[in-house]
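Asker: any chance you can model this:
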Amino acid sequence: MQFDIVPHFPYPTIRPEQQQAIEFVLRTFLEDGKKCAIVEAGVGTGKSAVGVTVARYLAHHTSPI
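Answerer: Reported below is the predicted structural model:
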């Protein structure tokens, strides 16, 4: 599944590692049906931007419970 994450990303460009993490989390939630995902990454890698993007994407593309 392809995810159009660019409109939801809070900065002008997405680093490859951030895109990989975002797609991992979205696949975990939407394709695998899991309720949580863990992203382990170093300081300054953009974990907050990953979290914001996932939250915005899910808010836009899923219905409330």
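
Asker: quick one: the helices in this protein, in order.
Answerer: 16-26, 47-61 (DSSP state H).

Asker: and the shortest one, how far out from the chain middle?
Answerer: A distance of 6 Å separates the centroid of the chain from that of helix 16-26, by Cα atoms, centre = their mean, to the nearest Å.

Asker: okay, angle between it and helix 47-61 too, please.
Answerer: Relative orientation of helix 16-26 and helix 47-61, computed by axes from the mean of the first three to the mean of the last three Cα atoms, to 10 degrees: 40 degrees.

Asker: go through helix 16-26 and flag the buried ones.
Answerer: Neighbour counts over helix 16-26 (16 or more other Cβ atoms under 10 Å) mark Q18, Q19, A21, I22, V25, L26 as buried. No exception for glycine: its C-beta is placed from N, CA and C like everyone else's.

Asker: what about the protein, any weak spots by pLDDT?
Answerer: The chain contains residues with pLDDT under 70 at 65.

Asker: do you know how far G51 is from Y57?
Answerer: Remark: distance between G51 and Y57 (Cβ to Cβ, to the nearest Å) = 11 Å.

Asker: hmm, back to that, save the helices of the chain as TSV, and put in distance to I5 too.
Answerer: Converted to TSV, the helices of the chain look like this (distance: least, Cβ to Cβ, whole Å):
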stretch	distance to I5
helix 16-26	5
helix 47-61	6
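
Asker: among these, which is nearest P10?
Answerer: helix 47-61 (5.1 Å; Cβ to Cβ).

Asker: which elements pack onto the closest one?
Answerer: helix 16-26 (3 or more Cβ pairs under 8 Å, 6 or more residues apart in numbering; DSSP states H and E).
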